[in-house]
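Colleague: Provided below for reference: sequence and predicted model.
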There are 4 protein chains.
Amino acid sequence: MKNLNIGLIGYGLMGKAHSNAFTKVNYFFDLEYKPVLKTVCGRDEARVKAFAENWGYESYETDWRKVVERDDIDAIDIAAPNNMHKEIAIAAAKAGKMVLCEKPLAMNVAASREMADAVAAAGVPSLVWYNYRFVPAVTMAKNLIDEGRLGQIFHYRGNFLQDWTISEDLPQGGEALWRLDIESAGSGVTGDLLAHCIDTAMWLNGPIESVTAMTETFIKERVHQSTGKKQKVSIDDASAFLARFANGSLAIFEATRYARGHKALKTFEINGRDASIAWDLHDLHRLSYFDNGDDSALKGWRSIHVTDNSGDHPYMDKWWIPGTSIGYEHTFVHCIMEFLKSLEDGAPAFAPNFEDAVKTDAVCEAVLQSAKDKTWKTIDYKGA
Amino acid sequence: MKNLNIGLIGYGLMGKAHSNAFTKVNYFFDLEYKPVLKTVCGRDEARVKAFAENWGYESYETDWRKVVERDDIDAIDIAAPNNMHKEIAIAAAKAGKMVLCEKPLAMNVAASREMADAVAAAGVPSLVWYNYRFVPAVTMAKNLIDEGRLGQIFHYRGNFLQDWTISEDLPQGGEALWRLDIESAGSGVTGDLLAHCIDTAMWLNGPIESVTAMTETFIKERVHQSTGKKQKVSIDDASAFLARFANGSLAIFEATRYARGHKALKTFEINGRDASIAWDLHDLHRLSYFDNGDDSALKGWRSIHVTDNSGDHPYMDKWWIPGTSIGYEHTFVHCIMEFLKSLEDGAPAFAPNFEDAVKTDAVCEAVLQSAKDKTWKTIDYKGA
Amino acid sequence: MKNLNIGLIGYGLMGKAHSNAFTKVNYFFDLEYKPVLKTVCGRDEARVKAFAENWGYESYETDWRKVVERDDIDAIDIAAPNNMHKEIAIAAAKAGKMVLCEKPLAMNVAASREMADAVAAAGVPSLVWYNYRFVPAVTMAKNLIDEGRLGQIFHYRGNFLQDWTISEDLPQGGEALWRLDIESAGSGVTGDLLAHCIDTAMWLNGPIESVTAMTETFIKERVHQSTGKKQKVSIDDASAFLARFANGSLAIFEATRYARGHKALKTFEINGRDASIAWDLHDLHRLSYFDNGDDSALKGWRSIHVTDNSGDHPYMDKWWIPGTSIGYEHTFVHCIMEFLKSLEDGAPAFAPNFEDAVKTDAVCEAVLQSAKDKTWKTIDYKGA
Amino acid sequence: MKNLNIGLIGYGLMGKAHSNAFTKVNYFFDLEYKPVLKTVCGRDEARVKAFAENWGYESYETDWRKVVERDDIDAIDIAAPNNMHKEIAIAAAKAGKMVLCEKPLAMNVAASREMADAVAAAGVPSLVWYNYRFVPAVTMAKNLIDEGRLGQIFHYRGNFLQDWTISEDLPQGGEALWRLDIESAGSGVTGDLLAHCIDTAMWLNGPIESVTAMTETFIKERVHQSTGKKQKVSIDDASAFLARFANGSLAIFEATRYARGHKALKTFEINGRDASIAWDLHDLHRLSYFDNGDDSALKGWRSIHVTDNSGDHPYMDKWWIPGTSIGYEHTFVHCIMEFLKSLEDGAPAFAPNFEDAVKTDAVCEAVLQSAKDKTWKTIDYKGA
């Protein structure tokens, strides 16, 4: 077993999710590499120390540059706010570290392009935590498409619906709510939620060619945690767009934090000539599947409980028994597992990596630009 | 087109459902016979007159004996309380009329036996309104079983759950609430609800051999509408039983009017070696189907929307377009349609007829007896 | 009871649905007016005669002008292909008849404007069969919104998904498939399906202000039934648009006949500050409702079975018993019932009437135009 | 932090589930005690060694007696087949160890009585892994009942449906299939599945007073792995019973491994005067709730996504974010967490402990006996 020494930057929700995956992956998967929790870095010493103790990190740091400089670190894992991704990632790549990074990759395409170039120049592996690819039902959807079971694709729909920012009393900024602050987040739901939908969509259905979008900020002012004063809200509370894929299919996408009743309803549905599939995060262990080849009287949407341990259902042979589900945290376990496997001799490169994430950022940027211009945008992947 | 002159006894809910079916069946189905609304009979003259005018009955009567004696009546349709079924049916048969009767057929097996003997002796066709056989999804379930798609049957489950009698303030007896009065109804949910479940079950899965049951009356006293006084409630509010079918399968059945949240949740589920099916009345246009022959990774319960007009889905080619559902009232239309069709030359006899209903009554009686005795009962169909 | 003599033009699916409603409405609703099936008109004499006999029309015609001219006709009901609506409706209005018309009202806004002006000039009542307003669950949604239960609206989503034209072998044109022929239909799914979504949406959520759209024709050529030759398909197979409502809410709409697995999945979902609602036609008897005022731990989407006969659930007190559903055909019964009621002294005018339908056509036209131009369109209701 | 040194006996599915819980519990919950993986014991040295290495046990043993004798072990965790529970548990208690044991506690009530007496005599804490109590939605159901929200209970239904033993080719006995061998398992689905249903039911709804049951063995002979020969199958493949609770409610229970289409469908539904609740393991993160206090028109079953981190939803504040689910393994984490918490000064004793499990075994034994006798059985908890 080879150690992979991890330096984690950030100890928020994602820091916790990644740490859990690092500690757990080797219990369930047979791998050459094993993550070692070497150090975690955060600005608040008391909190980062507590985090390190809780998760068993061997040390902690309060300056990310020190982590990058340490010789005993193999991989830098960036779970800090979006506006810090670029500087850390490029420094890490230059220091010859593997770079793992939360999504969206950067504040804009130009930045994400630089980051992808940096890891390419350094020749280091990269990972972007688009964790939903690694839900067993989603991976199975990918397999069904690759097997050709859907035939020609006509329609794609992807939503990510939440309702946690409806109250006007919610402030923006600060450690907990940096996602509402344009300076830290770069955008609102477009980067936070649609980026996930776009990554899933392009993985499943190929490149998006063009988009037309609209965005809205429903609550115009919120108290900023850094100033204590009401300030303009500049992020998008909601974002929706029409799209055409390169394969000729039509798509609609929507993300919002104002869909009362939905907590984290990431969804997709794909309609093909021969079959359709649908999935959502609220019941992530189920895949809906309609097969037009079924006997005529007996056609219907199947609700597949993706929990068999026979080898048919991706990843599930490593977990428990049929009918018993895994959850959100396991998507991170599968993600790091695939990354570790990609480090083994001759294994194919990991995806989604920085180069993949640049493409997703390109679509996000076109969406935001289209919403401003009120025109269709063709995605420029070469520039991306 | 041949007229079939109807004399309806009773103008309550079932009188309305039957009248609607009589007026409607020939618009949608191509038949030799056409019901003619000749007369309707009820004790309250003002009300029966209003009913006759509303539905276009040519006349009305207040004494059912007159209806039976009228020469211009071909078929007597009994939609009166259970305690009147026997006398009317036997008189009608003796008068050479076809006899249609609401379920349960009678107050006890002995009575239902007499009634079946009477129609047999008279050589007249009979019908018992076990209307749920004629839900398209239920008919399709029957077809799937007959085709052998389920293989050996292991389990049957049938429920009928309601919640409309939970209030202690509800009285018993009278025109609206005779179902709560043992004198008019003969039993509670056993005859009212379980009878439906048993009819469906034996149609789909063959004869029930033995049962053990329990019943309960949760509210012990209710005001009786005829006396205005609190009187003992003697009907069963809830009734459940274990059963073994002749084909070796095990079953559980339950009916109640105390299942808060369920209005008319009649259900069944059948588990076979090769496939399973499930259905419920709240979404009567759907059949759930699990096929063990599906590709291993893709097995799942299908929700079949039984609304295709291609001929695949029973009865639905006569109605509207795929995706648009029919409802409760259509079960009565299909029932009378099949009866009318059975009157055409060479057509097979109609089921469920009186002989079928005697068997259902035999199971109901065994259930009620078992609940008293606390022992298993073997059903005696010969005596039945 | 006053007779309302009907002259029906067209004997296809809608002719059947309307006839059923005319024959049935007075059995269930207490009204001053009663439709009388005076005559039905169609071009194929044998077929129109058979239709008349089946439904009990007193006569039949093969030239619609004769129907319009007949003195014994009070109301003309237009269930002919879209390209015939305008001429018939204007002639009927000029002849002083009430005019009932299938949707979409016309081939374009200019035509629908003329039609609305004609009924206004003649002072005759009008009706457009946007039947889905009259699904009890949809009517209840309207009531909830009018009571203010949803609060400020943030999002509206409306789909109408079908899958019946995916086969390349399906021809276009002719009596059965005129909906695929641009000459008869005017447009594809925009007029056939989106028009329904838009009517429902504007009824529930107020006027749509602006849209940006895309359309697609997946199968470019189909045999035309009139020529027997392959011809270009000019209708839209799929149509989707983003919209902004006057109340500030954002919307996405989509209709297609290429969504494998969906037969007639008309849906809507509305997210408000205080509550959300959702509905679909495949389970038309259910309304999904999320109330943010529920106890914190117990918030969840409620599935309301809209079948109570207590008076709480619109229209349902006239039908059967709780838990037993009605279906598609009843939407037409309720529609004509409300129209008949509007004819009673002092009753409010009926909606949706021609003036309402012009607005819907205005949105449809903007959608089609936007899809061509690839620009946002502001709806001009004054011109409409 | 105080160490709690664990000696695990058994390295099968449950050994894996417990080990995962031991390693994980302190990452997510703030506790005084921390399990230390001291040793694991199994008969096959190669396999137990591999298990120890994988999970980080400090040592391994092949004779459970050695584990019991070791001074450095605080708690013995029994995850061996049922026929070994009694001897190990009593020896462990006598050695002064805490005893954790998989369910069912023993092969019969007499044995489980002895085990409970042994831990009582030794004064050591005990735990039985009825893990489903610790599903957040199930714990919340318990809270709702304790708050009195359901009012008087009328009905309880509990199922556990599987389909994994339908093939005749499946052998019995051996390490993987000891559950099919009467010698190792004691019973079939009664002890394996119904025991879970009964534990949940009595926790939620109080003691069961009387039962009448039926069992069946559908496949009469299977190859035994120890002999390689076809031998009689003596376990129950299916088991169903009617029951009456002390609180006056009626119940039906059923478990089977022949319900095609269901993998691990553990369910319960409880109908009370004021509210009803329902849950199933296939969607373990949802609780269905019907509140009769809701506004009349808006009553409906709520589907509560039990994933809020606000403190409202049991345990969920320690995990992730609203809308993101946890799974099967977390039930074991919560179970051991509550046990560890119970060891803290002044904390209430842990349940379910051995004494609770004896009661469940008493019901199971009555069920099996009733199925043989075909009579009702009153449960003797004093003897139990």
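Modeller: Sure thing, it's come through.

Colleague: so which bits of the stretch 151-300 of chain A are right by chain D?
Modeller: A:162, A:164, A:262-265, A:281-285 (C-beta under 8 Å from any C-beta of the partner chain). C-beta here means a position set from N, CA and C on the backbone, and glycine is covered the same way.

Colleague: pick out the most distant pair among those.
Modeller: A:164 and A:285 (23.2 Å; C-beta to C-beta).

Colleague: those two: who's more crowded?
Modeller: residue A:285 (25 against 15; other C-beta atoms under 10 Å in any protein chain shown).

Colleague: mind checking how far the more buried one is from residue D:286?
Modeller: From residue A:285 across to residue D:286, the span is 12 Å (C-beta to C-beta, to the nearest Å).

Colleague: tell me the spacing between the residue nearest to residue A:83 when sequence neighbours are not counted and chain C.
Modeller: Excluding its sequence neighbours, the residue lying closest to residue A:83 (C-beta to C-beta, 6 or more residues apart in numbering or on different chains) is residue A:184, at 5.1 Å. Using C-beta to the nearest C-beta, to the nearest Å, residue A:184 is found at 24 Å from chain C.

Colleague: for whichever residue of the stretch 1-150 of chain A sits closest to chain C, give me its contacts.
Modeller: In the stretch 1-150 of chain A, the residue that lies nearest chain C is residue A:150 (8.3 Å; C-beta to the nearest C-beta). In this structure, residue A:150 makes contact with A:144, A:270, A:272-277, judged by C-beta atoms under 8 Å, 6 or more residues apart in numbering or on different chains.

Colleague: doesn't residue A:123 make contact with residue A:93?
Modeller: No: taking C-beta atoms under 8 Å as the definition, residue A:93 is not a contact partner of residue A:123, at 9.0 Å.

Colleague: you'd agree residue A:178 is up against residue A:184?
Modeller: Yes: Residue A:178 is in contact with residue A:184 according to C-beta under 8 Å; the separation is 3.9 Å.

Colleague: how about the contacts of residue A:150 in a markdown table, adding distance to residue C:25, secondary structure and pLDDT?
Modeller: A markdown table is the format used below for these (distance: C-beta to C-beta, whole Å; DSSP: H, G, I helix; E, B strand; the rest coil; pLDDT from 0 to 100):
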| residue | distance to residue C:25 | secondary structure | pLDDT |
| --- | --- | --- | --- |
| A:144 | 48 | helix | 98 |
| A:270 | 43 | strand | 98 |
| A:272 | 43 | strand | 98 |
| A:273 | 42 | coil | 98 |
| A:274 | 43 | coil | 98 |
| A:275 | 42 | strand | 98 |
| A:276 | 38 | strand | 98 |
| A:277 | 43 | strand | 98 |
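
Colleague: rewinding a little: doesn't the residue nearest to residue A:83 lie inside a strand?
Modeller: No: Residue A:184 is assigned helix when assessed by DSSP: H, G, I helix; E, B strand; the rest coil, not a strand.

Colleague: gap between it and residue A:358?
Modeller: From residue A:184 to residue A:358 the distance is 21 Å (C-beta to C-beta).

Colleague: looking at the two now, which is surrounded by more residues?
Modeller: residue A:358 (24 against 20).

Colleague: name the SS class of that one, please.
Modeller: helix.

Colleague: same question for residue A:240.
Modeller: Once three-state DSSP is applied, residue A:240 turns out strand.

Colleague: any residue of stretch A:243-262 up close to chain C?
Modeller: Yes: legend: contact between stretch A:243-262 and chain C by C-beta under 8 Å from any C-beta is shown at A:244, A:248, A:250, A:252, A:254, A:256, A:258-262.

Colleague: now the residues you listed as JSON lines including pLDDT, neighbour count and secondary structure?
Modeller: Listed next are the residues of stretch A:243-262 next to chain C as JSON lines, based on pLDDT from 0 to 100; neighbours: other C-beta atoms under 10 Å in any protein chain shown; DSSP: H, G, I helix; E, B strand; the rest coil:
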{"residue": "A:244", "pLDDT": "98", "neighbour count": "19", "secondary structure": "strand"}
{"residue": "A:248", "pLDDT": "98", "neighbour count": "12", "secondary structure": "coil"}
{"residue": "A:250", "pLDDT": "98", "neighbour count": "25", "secondary structure": "strand"}
{"residue": "A:252", "pLDDT": "98", "neighbour count": "22", "secondary structure": "strand"}
{"residue": "A:254", "pLDDT": "98", "neighbour count": "26", "secondary structure": "strand"}
{"residue": "A:256", "pLDDT": "98", "neighbour count": "28", "secondary structure": "strand"}
{"residue": "A:258", "pLDDT": "98", "neighbour count": "26", "secondary structure": "coil"}
{"residue": "A:259", "pLDDT": "98", "neighbour count": "25", "secondary structure": "coil"}
{"residue": "A:260", "pLDDT": "98", "neighbour count": "25", "secondary structure": "coil"}
{"residue": "A:261", "pLDDT": "98", "neighbour count": "23", "secondary structure": "coil"}
{"residue": "A:262", "pLDDT": "98", "neighbour count": "28", "secondary structure": "coil"}
